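S.K.: What follows is a protein structure lacking sequence information:
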């Protein structure tokens with residue numbers, strides 16, 4: 001997988017946090033930004049899940065294809081909180097990224113995007129205030 005464009009991901013995250021639920025085009029944009037090969041077996045499976053409307057399954061597959069893992073999903077009275085961990089060589093180097101949203105697939109995708117924006121201290125990540133390091137959507 002190529003290094004994702006931080007500007008594209010940051011723009012997608014900004015739009016995602018203002019939606020009530022994850023939209024198909026947002027999920028496809030995330031896959032494109034993460035350079036998912038649609039001709040691969042996993043890429044075709046991802047496209048099929050999106051086409052079938054299985055947004056959560058497609059989002060979880062996107063997480064897996066991105067080398068990340070969902071480590072925690074918690075429901076609250078107002079929505080969902082998702083924690084994603086980066087797969088690191090050593091446990092000490094593993095980092096976690098958390099996002100909250102009223103829609104479960106959107107919470108998962110926001111945490112995934114957040115993990116890429118902050119993985120390498122990209123310019124987009126440096127612009128985020130500490131309050132935005134955990135993305136919460138009302």
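M.R.: Sure, I can see it. The model shown is predicted, which means the values in this text are computed figures rather than measured ones.

S.K.: Show me the strands in the protein, by range?
M.R.: 68-76, 79-86, 96-101, 135-136 (DSSP state E).

S.K.: Looking at the shortest one now, give me its mean pLDDT.
M.R.: Same thing as strand 135-136. Summarised as a single mean, pLDDT over strand 135-136 is 48.

S.K.: residues contacting the nearest residue to residue 65 once chain neighbours are set aside?
M.R.: Sequence neighbours aside, residue 42 is the residue nearest to residue 65 in space, at 5.3 Å (criterion: C-beta to C-beta, 6 or more residues apart in numbering). Any C-beta I mention is one placed from the backbone N, CA and C, and that applies to glycine too. The contact partners of residue 42, taken as C-beta atoms under 8 Å, 6 or more residues apart in numbering, are 36, 61, 65.

S.K.: got a pLDDT number for residue 42?
M.R.: At residue 42, pLDDT is 90.

S.K.: how close does the residue most central in space within the chain get to residue 44?
M.R.: In the chain, the residue lying closest to the centroid (C-alpha atoms, centre = their mean) is residue 112, at 2.4 Å. Noted for residue 112: a distance of 20 Å to residue 44, by C-beta to C-beta, to the nearest Å.

S.K.: Hmm, residue 22 is touching residue 109, no?
M.R.: Yes - the pair formed by residue 22 and residue 109 meets the contact definition of C-beta atoms under 8 Å, at 5.9 Å.

S.K.: for the protein, which spans come out with low pLDDT?
M.R.: 1-3, 87-93, 120-138 (pLDDT under 70).

S.K.: can you do 80?
M.R.: The chain contains residues with pLDDT under 80 at 1-5, 87-94, 119-138.

S.K.: All the helices of this structure, residue numbers only.
M.R.: Taking DSSP state H to define them, one finds helices in the chain at 6-16, 24-33, 41-51, 55-65, 104-119, 123-127.

S.K.: Adding distance to residue 75, write the ones you listed out as JSON lines.
M.R.: Formatted as JSON lines, the helices of the chain follow (distance: least, C-beta to C-beta, whole Å):
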{"stretch": "helix 6-16", "distance to residue 75": "19"}
{"stretch": "helix 24-33", "distance to residue 75": "21"}
{"stretch": "helix 41-51", "distance to residue 75": "22"}
{"stretch": "helix 55-65", "distance to residue 75": "13"}
{"stretch": "helix 104-119", "distance to residue 75": "8"}
{"stretch": "helix 123-127", "distance to residue 75": "28"}
